[in-house]
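K.L.:
Quick one, structure for this:
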Amino acid sequence: MADQKEGGIVKKGHEEGTKMAIAVLEEFGLPVGLLPLADVIEVGFVRDTGYMWIVQKKKVEHNFKLISKLVRYDTQITGFVSKKKIKKLKGIKAKELMLWPPVNEIVVDDPSTGKIHFKSLAGVTKTFPIEAFAAGQ
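P.N.:
Below is the predicted model of the structure:
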């Protein structure tokens with residue numbers, strides 16, 4: 001993993017790390033409320049590859065009220081960010097019935113239809129309105 005971080009910009013601490021995570025999401029056309037972070041230790045981004053990592057002190061569970069969806073964020077979240085997409089995502093799970101399948105990819109429609117898609121390794125895709133992931137949701 002250290003080699004994936006090579007050449008990356010790193011921000012330490014909750015305030016600076018959160019600012020950087022939001023800036024990356026905005027730059028690539030992703031909703032800024034997608035990653036409700038708490039007690040961030042470090043956020044890093046490698047522009048050449050799109051590799052992004054987030055380290056936080058503890059797991060976070062967040063309920064996206066607009067879509068009644070409970071999502072769990074691990075202490076370490078990694079993925080490759082590109083325009084309107086995060087691939088090879090690790091560290092995020094969304095509750096489905098009694099299970100917590102990992103979310104592997106997040107894609108925002110381009111051109112925009114107002115929809116965002118969450119794909120799991122099992123091949124299941126869930127689609128939601130993008131406004132459900134606006135800041136403060």
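
K.L.:
Now the phi/psi pair for the residue nearest to V108 when sequence neighbours are not counted, please.
P.N.:
Using CB to CB, 6 or more residues apart in numbering and skipping the chain neighbours, the partner closest in space to V108 is K84 (4.0 Å). (Each C-beta comes from the backbone N, C-alpha and C, glycine too.) The phi/psi pair for K84 (degrees, to the nearest 10) reads phi 60, psi 30.

K.L.:
Equivalent analysis for the one 10 residues further on, please.
P.N.:
Main-chain torsions, A94, degrees, to the nearest 10: phi -120, psi 130.

K.L.:
My guess is K119 contacts A94. True?
P.N.:
No: at 10.7 Å, K119 does not count as touching A94 under the criterion of CB atoms under 8 Å.

K.L.:
what residues are shared contacts of these two?
P.N.:
V103 (CB atoms under 8 Å, 6 or more residues apart in numbering).

K.L.:
Contacts for the longest strand along the chain next, please.
P.N.:
Ordering each strand of the chain by length in residues (DSSP state E) puts strand 69-82 first. Strand 69-82 is contacted by residues 1, 24-25, 28, 30, 35-37, 45, 49-64, 86-95, 100, 103, 128, 132 when judged by CB under 8 Å, 6+ apart.

K.L.:
which residue is nearest the centroid of this protein?
P.N.:
The centre of the chain sits closest to L35, judged by CA atoms, centre = their mean, with a distance of 4.9 Å.

K.L.:
dump the residue contacts of that residue.
P.N.:
Neighbours of L35 in contact, by CB under 8 Å, 6+ apart: A21, L25, I54, Y73, I77.

K.L.:
so where does M52 fall, helix or strand?
P.N.:
Taking DSSP states H and E as the criterion, M52 maps to strand 51-56.
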